[in-house]
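J.: would you be able to build a 3D model of this:
(4 chains)
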2 protein chains.
Amino acid sequence: MIKQALEKVISEDLAELWKLLDSEEKRQVTDAFVIHNFKKNEIIYHENEEPEYLWCLLKGKVKIFKDGIGGRAQILRLIRPVQYFGYRAYFANEPYVSSASAFEPSTLGAIPMELVCRMIEKNMKLAWFFIHELSRNLGGSDTKIVNLTQKHIRGRLAEALMVLKDNYGYEDDGATLRIYMSREDLANLSNMTTANAIRTLSTFAEEKVIVLDGRCIKILNEAQLKRISKYG
Amino acid sequence: MIKQALEKVISEDLAELWKLLDSEEKRQVTDAFVIHNFKKNEIIYHENEEPEYLWCLLKGKVKIFKDGIGGRAQILRLIRPVQYFGYRAYFANEPYVSSASAFEPSTLGAIPMELVCRMIEKNMKLAWFFIHELSRNLGGSDTKIVNLTQKHIRGRLAEALMVLKDNYGYEDDGATLRIYMSREDLANLSNMTTANAIRTLSTFAEEKVIVLDGRCIKILNEAQLKRISKYG
DNA sequence: CTAATTTTGTGCTGTAAAACATAATTTTAG
DNA sequence: CTAAAATTATGTTTTACAGCACAAAATTAG
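T.: Below is the predicted model:
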């Protein structure tokens, strides 16, 4: 993808951040922007590395995750186009505490954080953008702590399915989740073993709450799923 | 406590934020600042309420927590003087997702968030202060998600004891934790039932890793506690 | 100071979810 | 196209931890 095409993609999209910039700032970003293509499951950055770029997802799907005990990972956040990530550690002046990888073949842009910071200094709107994003993410993480530690398996899985719907939406049929992830990823999103994710998913299918077809998950009864997420 | 005294307290302390302000800004804050005293266990703000103030802890200890399922709370963060809290929800433009209460009799200042935002607009350093704080907290919450979901009881409790040490430090003996919290609070910090917190604490005492005397907890072997926290 | 209430401490029991095992199916690689 | 590897599926066993019960001790209230 060449830069002209990129400019088109960004400006056509609802790239929130982009709209906050004046033409000189846009030029600076366009000059510094480097496009990267990642294959399925390819690592974008890894825990403990030093952060350097603001990553911008243009196409594809990305997961932010943290490796835990005994090779069990926890998915912390899901990214869709056009969203930004990878900046927290730089702002905190820490190495990354989590890793990022592509769920599917994805196109990303990398902007040096050093440039981002210089632009923040000059553009208060940009500062507000990050304050707002960080605040929302922090609220999300705090809520996740309680959901993942206190809900039972059924509740956690139902919640995970609703998170997938909120992030990636439905296909044109208005029911099939627009993401095809492995059972292992689904387990890592809802803090359980792969076997339990598979088992519980089967139970939901038996209960006619969802329909399974390979990696396709069709939500039959969203209200019931929300109920399970809340009480079950 | 009257305003003159307050100004003295703040300026003498290492109040990070205060140092970022010019004299006109300091005057504005001093004028808007309202002192509140809270009794032990008194609620400062409650989940679902609309945020309004930046809270500044001048004296005492405060916990940020979230009520979960079946009356089981999770402590998310601990506050010590002079730290700021209560701003996240306002920045995110959401109601509070967590509550705050005083561990012990505490003195706090409330500054209208509306003023804080106006000051951020004029003072980039203030914006950076919040970007930095939010970023650090988000990293902490993400790490906590994995610790609380994947570590076993012993690991979680050992971790909680180290968190207490990092936040409130030791008494002059260099070993006794400078906070006296109920077993229930300790359980709510480490995601377990009160009975299990008591039991596991007794085991640590048997193993000579700590010494218990009522609510006093003396750390005998910090290295061992760190090892338990890491490997469980 | 005494009674009432809350907190702490321990044992016993039940169960949710992990661990393990083993096919069946699907995907990937040569 | 076929073999190897990975993923999905399901049954069985084990265990970490919650739930419950009940003293003992400490704190609070009248």
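J.: need the residues of chain A near chain B, please.
T.: Where chain A comes near chain B, counting by CB under 8 Å from any CB of the partner chain, the residues are A:66, A:68-69, A:72, A:74, A:76, A:88-89, A:91-94, A:97-98, A:120-121, A:124, A:127-128, A:130-132, A:134-139, A:141-146, A:148-151, A:191. No exception for glycine: its C-beta is placed from N, CA and C like everyone else's.
J.: in what element of secondary structure is A:K144 found?
T.: Following DSSP states H and E, the helix or strand that holds A:K144 is helix A:124-150.
J.: for the most centrally placed residue in chain A, give the beta-bridge partners.
T.: The residue lying closest to the centre of chain A (CA atoms, centre = their mean) is A:L78, at 1.7 Å. Going by DSSP bridges, A:L78 is paired in beta bridges with A:K63.
J.: for B:I131, see how far away A:F91 is.
T.: Distance from A:F91 to B:I131, counting by CB to CB, to the nearest Å: 5 Å.
J.: also A:I131?
T.: When A:I131 is compared with B:I131 (using CB to CB), they lie 6 Å apart.
J.: over to A:K122?
T.: 15 Å.
J.: compare the two and say which is more crowded by neighbours.
T.: More crowded of A:K122 and B:I131, by other CB atoms under 10 Å in any protein chain shown: B:I131, with 22 against 12.
J.: surely the more buried one meets A:F129?
T.: No: the pair B:I131 and A:F129 fails to qualify as a contact (CB atoms under 8 Å) at a distance of 10.3 Å.
J.: related to what we said a few turns ago, buried ones in the helix holding A:K144, by neighbour count?
T.: Of the residues in helix A:124-150, those with enough neighbours to count as buried (16 or more other CB atoms under 10 Å in any protein chain shown) are A:126-131, A:133-142, A:144-150.
J.: can you check stretch A:191-208 too?
T.: Buried residues in stretch A:191-208 (16+ other CB under 10 Å): A:191-192, A:196-198, A:200-201, A:204-205.
J.: ok, back up a step: just the buried residues of helix A:124-150 that are near DNA strand D?
T.: Here nothing survives when the buried residues of helix A:124-150 are matched to DNA strand D using CB under 7 Å from any atom of the strand.
J.: show me the contacts for the residue nearest to the centre of chain A.
T.: A:61-64, A:163-164, A:167-168 (CB atoms under 8 Å, 6 or more residues apart in numbering or on different chains).
J.: quick one: low-confidence parts of chain A?
T.: A:1-14 (pLDDT under 70).
J.: show me where it has its helices.
T.: For chain A, the helices defined by DSSP state H occupy A:3-12, A:23-32, A:88-92, A:113-122, A:124-150, A:153-168, A:183-189, A:194-206, A:222-231.
J.: show me how far the last one is from its chain's centre.
T.: Centre-to-centre, helix A:222-231 and its host chain are 22 Å apart (CA atoms, centre = their mean, to the nearest Å).
J.: surely A:Y170 meets A:R178?
T.: Yes: with contact defined as CB under 8 Å, A:Y170 reaches A:R178; the gap is 6.1 Å.
J.: walk me through the domains of chain A.
T.: The record's domain parsing of chain A by automatic domain parsing lists A:3-148, A:151-231.
J.: does DNA strand C sit close to the last one?
T.: It refers to domain A:151-231. Yes: counting by CB under 7 Å from any atom of the strand, DNA strand C has neighbours in domain A:151-231: A:152-154, A:191-193, A:195-196, A:214-215.
J.: excluding sequence neighbours, find me the nearest residue to A:R178.
T.: A:Y168 (4.5 Å; CB to CB, 6 or more residues apart in numbering or on different chains).
J.: could you measure from A:E50 over to A:Y90?
T.: In terms of CB to CB, A:E50 sits 9 Å off from A:Y90.
J.: what number of residues lie near A:R156?
T.: Counted with other CB under 10 Å, A:R156 comes out at 26.
J.: excluding its backbone neighbours, what's nearest it?
T.: A:S190 (4.2 Å).
J.: residues near that neighbour, how many?
T.: Counted with other CB under 10 Å, A:S190 comes out at 25.
J.: backbone phi and psi for it, please?
T.: The phi/psi pair for A:S190 (degrees, to the nearest 10) reads phi -110, psi 20.
J.: wait, it sits on A:H152?
T.: No: counting by CB under 8 Å, A:S190 does not reach A:H152; the two are 10.8 Å apart.
J.: A:K208 touches A:N221, doesn't it?
T.: Yes: with contact defined as CB under 8 Å, A:K208 counts as touching A:N221 (7.0 Å).
J.: hang on, the earlier thing: present the helices of chain A as a markdown table; the columns should include distance to B:R27.
T.: Below are those laid out as a markdown table (distance: least, CB to CB, whole Å):
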| stretch | distance to B:R27 |
| --- | --- |
| helix A:3-12 | 44 |
| helix A:23-32 | 34 |
| helix A:88-92 | 30 |
| helix A:113-122 | 26 |
| helix A:124-150 | 22 |
| helix A:153-168 | 45 |
| helix A:183-189 | 50 |
| helix A:194-206 | 58 |
| helix A:222-231 | 49 |
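J.: do you know which of those lies nearest B:K230?
T.: helix A:124-150 (19.3 Å; CB to CB).
J.: identify the contacts common to A:F91 and B:I131.
T.: Common neighbours of A:F91 and B:I131 (CB under 8 Å, 6+ apart) are A:130, A:134.
J.: surely A:T107 touches A:G60?
T.: Yes: with contact defined as CB under 8 Å, A:T107 and A:G60 form a contacting pair (6.2 Å).
J.: and for those two, which residues touch both?
T.: A:F38.
J.: and for A:L76, the neighbour number?
T.: A:L76 has 25 neighbouring residues, counting by other CB under 10 Å.
J.: can you name the residues that contact A:V209?
T.: Counted by CB under 8 Å, 6+ apart, A:V209 has contacts A:219-221, A:224-225, A:228.
J.: try it again with 6 Å
T.: A:220-221, A:224-225 (CB atoms under 6 Å, 6 or more residues apart in numbering or on different chains).
J.: which one of those residues is nearest DNA strand C?
T.: A:L225 (16.3 Å; CB to the nearest atom of the strand).
J.: which residues of chain A lie near DNA strand D?
T.: Checking chain A against DNA strand D by CB under 7 Å from any atom of the strand, the hits are A:182-184, A:194-195, A:198-199, A:201-202, A:212, A:215.
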